[in-house]
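Visitor: task: produce atomic coordinates for the following.
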Amino acid sequence: MSTIKRVNAAHQNFFGRCKDPKAKKKGSPKFKRSVRSVTWNLRKHKLKTGERVRQNPIRGTGARLNRLKVPKLGEVKIRQHRPLIGDPKEVTLKKTARGWYCFIVCEVPDTLRCVPKSACGVDVGTHDFLTTSDGETTPNPRFYRTAERKLAKLQRVLSRRQRGSNRWYKARVALAKQSDIVACQRLDFIAKTAYSLFHHKGFDAVVAEKLKPSNMIKNRYLAKSISDAAWGMFFDWCDWVAKRDRKHFHQVPSHQTSQTCSQCCQKSKVKLGLAQRVFHCPSCGLKLDRDHNAALNILHRAACALRGEVWDTILYETRNPLLQQACWG
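Guide: Next comes the predicted model:
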């Protein structure tokens, strides 16, 4: 069933791209020989009480390794890092350069979100990965930049090998493992950063910009840095953590957040370049880090609608202290 769904989705996307006049490449579905992932659905069964539930695919053994029931293969040893929450629906086995991973999709009941009592605006960038409206910064780790020389060396080794030989396969596996290490480092950093905003720092609501990284990487001078930062992945993790823990995460338009004063709401007459890290307002004399100023603007832009709606207000509407007090209090 899962295979049929993936094939149907691939063909539907292909026909959708054929109808789209803006699509440059149609991208017809291709047959993949190597097995990268296997997915199967879990069926429901009746209990003696008449309730229909799905069977837990993992059998606990009380030891270090549990057992995963795989169709037509039997039980496979698995290292389970946390218990399942909810009713399991689908299991996916995925093959990576460093081994096999298991993903279990569970159905959980909808829960009401908490009443927000504290919020912060965040501004992402390439200089500092994250700057909050409180002025705290998170350095950009630049995982790809750090491992770029090693990846280039492994790529050169692979290019010198004869394609299809044993040494070529070994070089390809070594390159894939190093690339997977960089991806796992980035994912771990983003997951911990998103979790710390809601739990370690204690914010009930987080507001970020509504960016389109796919359009921003068209700039050839910043494409590598933007791709290495993975802002889209960070926003997805913030949204997922907020839904799981009954918090709030919203995105607001990013128009002129770095070019507008967060105190008097006057737009800078001279456009600030990326090299200028300090925002200086000639009207009120405010002198502040440009990322901190942008984070305050993001928070103020969303201050009038912290009740779960789509936040699309403009800056001068949020400068009224009575409205802010009514929204946050």
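
Visitor: tally of neighbours for the nearest residue to residue 177 once chain neighbours are set aside?
Guide: Spatially, and ignoring its direct neighbours in sequence, residue 177 is nearest to residue 97 (4.6 Å; CB to CB, 6 or more residues apart in numbering). C-beta coordinates here come from the backbone N, C-alpha and C atoms, glycine included. By other CB atoms under 10 Å, 15 other residues sit near residue 97.

Visitor: so for residue 135, what's the pLDDT?
Guide: pLDDT recorded at residue 135 is 88.

Visitor: and it, how far from residue 247?
Guide: 22 Å (CB to CB, to the nearest Å).

Visitor: neighbour count for those two, which is higher?
Guide: residue 247 (20 against 12).

Visitor: how close does that one get to residue 280?
Guide: Distance of residue 247 to residue 280, computed by CB to CB: 35 Å.

Visitor: dump the residue contacts of residue 286.
Guide: Counting by CB atoms under 8 Å, 6 or more residues apart in numbering, residue 286 touches 261, 262, 263, 264, 279, 280, 293.

Visitor: tell me the secondary structure for the last one?
Guide: Three states are possible here, and by DSSP: H, G, I helix; E, B strand; the rest coil the one that applies to residue 293 is helix.

Visitor: likewise for the fifth one?
Guide: On the three-state scheme (three-state DSSP), residue 279 is labelled strand.

Visitor: give me the beta-bridge partners of it?
Guide: residue 288 (DSSP bridges).

Visitor: I figured it hits residue 285, correct?
Guide: No - assessed by CB atoms under 8 Å, residue 279 is found out of contact with residue 285, at 11.5 Å.

Visitor: pLDDT on stretch 88-96, on average?
Guide: 89.

Visitor: who has more neighbours out of residue 279 and residue 285?
Guide: Neighbours were tallied for residue 279 and for residue 285 using other CB under 10 Å; the higher tally belongs to residue 279 (21 against 10).

Visitor: dump the residue contacts of that one.
Guide: Here residue 279 is in contact with 258, 261, 268, 272, 286, 287, 288, 289, 290, 293 (CB under 8 Å, 6+ apart).

Visitor: for burial, what's the neighbour tally of the closest residue to residue 42 other than its chain neighbours?
Guide: The spatially closest residue to residue 42, leaving aside those adjacent along the chain, is residue 54, at 4.5 Å (CB to CB, 6+ apart). Neighbours of residue 54 under the rule other CB under 10 Å: 17.

Visitor: which of the contacts of residue 286 lies closest to residue 64?
Guide: Nearest to residue 64 among the contacts of residue 286: residue 293, at 50.8 Å, using CB to CB.

Visitor: didn't that closest one look like it was pressed against residue 258?
Guide: Yes - taking contacts as CB under 8 Å, residue 293 lies within contact range of residue 258: 7.1 Å.

Visitor: more neighbours: which of these two?
Guide: residue 293 (27 against 20).

Visitor: distance of the more buried one relative to residue 240?
Guide: Taken as CB to CB, the span from residue 293 to residue 240 is 29 Å.

Visitor: again with residue 300
Guide: 26 Å.

Visitor: hey, which helix or strand in this protein has the poorest pLDDT?
Guide: helix 321-328 (a mean of 43; mean pLDDT, DSSP states H and E).

Visitor: buried residues in stretch 189-203?
Guide: Buried residues in stretch 189-203, counted by 16 or more other CB atoms under 10 Å: 189, 190, 193, 194, 197, 198, 203.

Visitor: hey, C-alpha coordinates of that stretch in CSV?
Guide: Output of stretch 189-203 as CSV, limited to C-alpha atoms (Å, rounded to 0.1, in the frame of the first residue of the first chain):
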residue,chain,number,x,y,z
PHE,A,189,22.4,21.3,16.5
ILE,A,190,19.1,22.6,15.0
ALA,A,191,17.0,20.2,17.1
LYS,A,192,18.7,21.2,20.4
THR,A,193,18.5,24.9,19.5
ALA,A,194,14.8,24.7,18.8
TYR,A,195,14.2,22.7,22.0
SER,A,196,16.1,25.2,24.1
LEU,A,197,14.0,28.1,23.0
PHE,A,198,10.9,26.6,24.3
HIS,A,199,12.2,24.8,27.4
HIS,A,200,15.6,25.9,28.6
LYS,A,201,14.8,29.6,28.0
GLY,A,202,11.2,29.2,28.9
PHE,A,203,9.4,30.9,26.1
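
Visitor: which residues sit against that stretch?
Guide: Stretch 189-203 is contacted by residues 118-120, 122, 129-130, 132, 136, 138, 141, 143, 204, 206, 230, 233-234, 237-238, 240-242, 245, 247 when judged by CB under 8 Å, 6+ apart.

Visitor: same thing but 7 Å
Guide: 118-120, 130, 138, 141, 206, 230, 233-234, 237-238, 241-242, 245, 247 (CB atoms under 7 Å, 6 or more residues apart in numbering).

Visitor: quick one: mean pLDDT for the helix or strand hosting residue 296?
Guide: Secondary structure from DSSP states H and E places residue 296 in helix 290-301. Helix 290-301 carries an average pLDDT of 87.

Visitor: and the contacts of that helix?
Guide: Identification of contacts with helix 290-301 by CB under 7 Å, 6+ apart yields 119-123, 125, 128, 131-133, 135, 207-209, 252, 257-258, 260, 262, 272, 276-279, 311, 313, 315, 318-319.
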